[in-house]
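In: Take this sequence and fold it.
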Amino acid sequence: MPHQLKVEAARRSIANNDFENVQNYAKEIYDDLLRPVINGTGVLIHTNLGRSPLKAAKDQYGGARYSTLEFDLPNGRRGSRAKKVGNLIAGYIEAESAIVVNNGAAAILLVLSALASNRPILISRGELVEIGGGFRIPDVLKASGAQLIEVGTTNKTRLKDYESTSSELESPGILKVHASNYKITGFTESVTIEQLKSLGLEVFFDIGSGLLDQTAPWLGWPTPAWLKNEPGAKQALKSGADIITFSGDKLMGGPQAGIIAGSKDLVARCADHPLYRAMRPGNLVLEALQETIFTYLDNRADTLPIWRMAKIKPETLKLRAEEIGIGKPISLFGTPGGGSLPGEKIESYGIAIHGDCTRQLRNLDLPIIARMEGPNTVIDLRTVDPMDDQHIKSALCKVFETNGN
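Out: The predicted structure is shown next:
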């Protein structure tokens, strides 16, 4: 740790008259820092662990480096940060234009503030959702200045609900929100984007999880069952959505970011809105997002950690569990997680250790985040990089030795 943090640990021990345990105070400070961990939970998009795992950054030139964040190289003048990465994303998903903001929530707020302020916005009662951190769609609509108009019921909303309500309003728009973190089953009905566009109104669609292409060609054929109901950015735009919003750090597999894509004129109005300056990301996020979209443009999306982990066969994971040789190899079910694809499971394999060892594993220099299943501590290898298998083995050896197993 930096010297000043060690000084802080010493001060805490002096204040508590606890000089012998100064190292414990240092560890308290250290544990509050941003640190790498091994995700053994089996949750691919783990909100608490940074959502999608990222590749390590590379600089082919080495040394300190600036970037062309807002610089136009050909003309030697100030450029636009909105264009560079946004244009790459727009090209891949076949949108007229796209811009990037801090996160998915910011994307929705900016779209509504720029395009729906003082306008009635129709939304199905079944889509008035709350996502993580108490972020509620009705509150966002209110903050943006839009007028919330509820249509349909919680479980059934039909086209005629939108049609009859919109006919009584002046310049209404429609907000559709994908059920990315919940699922309504049974006696249900909803309206497609194609049907909504038949009303001749502007349609804004929050697809949520950021799957760029519903066919997921980087996973091979057929598309996995756990992705079958997830809307793709390409398909949402082809269906007629005027604007779509989605996260960069879920199924896209990049850094935390929010993407606004669609009609050139509407995206430009978002970029011109005063809130955009407060919501735009910095250099590090945009560089990481650019590297992410490069993998899609180069047909290398299967090399992104999120997709590499997702496509590993359970038999391969079983072999790794057997090679680690500590604990009991066990068949498991992982999950996409991170507010994405609720209820979906992915076959997996991992290691089970009798008893609750989760705290011991978290206290390692490189912590391992495991989960409990019944009386066992479980490490799901689907979300563990193979390069970390040796660390898993060493850690489990220490746990067994400490516990007298």
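In: where does this protein have low pLDDT?
Out: For the chain, the stretches with pLDDT under 70 are 55-66, 73, 132-133, 180-181, 338-340, 404-405.
In: what's near enough to touch residue 315?
Out: residue 349 (C-beta atoms under 8 Å, 6 or more residues apart in numbering). In short, each C-beta sits where N, CA and C put it, glycine included.
In: So it belongs to a strand, correct?
Out: No - secondary structure of residue 315 (DSSP: H, G, I helix; E, B strand; the rest coil): helix, not part of a strand.
In: so what's the closest residue in space to residue 123 that isn't next to it in sequence bridging to?
Out: The spatial neighbour of residue 123 that comes closest, neighbours along the chain excluded (C-beta to C-beta, 6 or more residues apart in numbering), is residue 175 at 4.7 Å. Beta-bridge partners of residue 175, counted by DSSP bridges, are residue 204.
In: so how many other residues sit close to residue 160?
Out: 11 (other C-beta atoms under 10 Å).
In: which strands and helices sit next to the lengthiest strand in the chain?
Out: For the chain, the longest strand by residue count, based on DSSP state E, is strand 346-354. Other helices and strands packing on strand 346-354, by 3 or more C-beta pairs under 8 Å, 6 or more residues apart in numbering; DSSP states H and E, are helix 314-324, strand 328-334, strand 376-380, helix 389-403.
In: at 6 Å what do you get?
Out: With contacts taken as 3 or more C-beta pairs under 6 Å, 6 or more residues apart in numbering; DSSP states H and E, strand 346-354 sits against helix 314-324, strand 328-334, strand 376-380.
In: Residue 233: which of these is closest?
Out: Nearest to residue 233, of all the helices and strands packed on strand 346-354, is strand 328-334, at 24.3 Å by C-beta to C-beta.
In: re the thing from before, from residue 214, how far out is the residue nearest to residue 123?
Out: 21 Å (C-beta to C-beta, to the nearest Å).
In: neighbour-wise, which of the two wins?
Out: residue 175 (27 against 17).
In: Give me the most central residue, the chain.
Out: residue 250 (2.5 Å; C-alpha atoms, centre = their mean).
In: my read: it touches residue 209, true?
Out: Yes - counting by C-beta atoms under 6 Å, residue 250 touches residue 209, with 4.4 Å between them.
In: Who does the longest strand of the chain pair with, and is each partner parallel or antiparallel?
Out: strand 328-334 (antiparallel), strand 376-380 (antiparallel).
In: who touches the very next helix or strand once past that strand?
Out: Next along the chain after strand 346-354, taking DSSP states H and E as the criterion, comes helix 358-362. With contact meaning C-beta atoms under 6 Å, 6 or more residues apart in numbering, helix 358-362 is reached by 368, 370, 377, 399.
In: Contacts only, for the last one.
Out: Translated: residue 399. Neighbours of residue 399 in contact, by C-beta under 6 Å, 6+ apart: 357, 360.
In: what about it, distance to residue 363?
Out: From residue 399 across to residue 363, the span is 10 Å (C-beta to C-beta).
In: and stretch 212-221, which residues are buried?
Out: Within stretch 212-221, the residues that count as buried by 16 or more other C-beta atoms under 10 Å are 212-214, 216, 218.
In: Would you map the strands across the stretch 201-350 of the chain?
Out: For the stretch 201-350 of the chain, the strands defined by DSSP state E, counting those that start in this stretch cover 202-208, 243-247, 258-262, 328-334, 346-354.
In: which one of the ones you listed lies closest to residue 68?
Out: Shortest distance between residue 68 and the strands of the stretch 201-350 of the chain, using C-beta to C-beta, is found for strand 258-262: 20.3 Å.
In: What strands flank that closest one, and is each parallel or antiparallel?
Out: Here strand 258-262 is paired, per DSSP bridges, with strand 97-101 (antiparallel), strand 243-247 (antiparallel).
In: got the angle between it and strand 202-208?
Out: 150 degrees (axes from the mean of the first three to the mean of the last three C-alpha atoms, to 10 degrees).
In: what comes into contact with strand 258-262?
Out: Residues contacting strand 258-262 (C-beta under 6 Å, 6+ apart): 89-90, 95, 98-101, 103-104, 106-107, 111, 242-246, 270.
In: Repeat that for stretch 306-313.
Out: 52, 218-219, 253, 301, 382-383.
In: Please repeat the previous calculation with a cut-off of 7 Å.
Out: Residues lying outside stretch 306-313 but in contact with it, judged by C-beta atoms under 7 Å, 6 or more residues apart in numbering, are 44, 52-53, 218-219, 253, 301-302, 346, 382-383.
In: Pull the distance from it to the chain's centre.
Out: 16 Å (C-alpha atoms, centre = their mean, to the nearest Å).
In: Repeat that for stretch 306-321.
Out: The answer for stretch 306-321 is 21 Å, by C-alpha atoms, centre = their mean.
In: Regarding residue 41, what is its secondary structure?
Out: Applying three-state DSSP: residue 41 is coil.
In: Would you mind measuring from it to residue 173?
Out: Distance from residue 41 to residue 173, by C-beta to C-beta: 39 Å.
In: What of residue 257?
Out: 24 Å.
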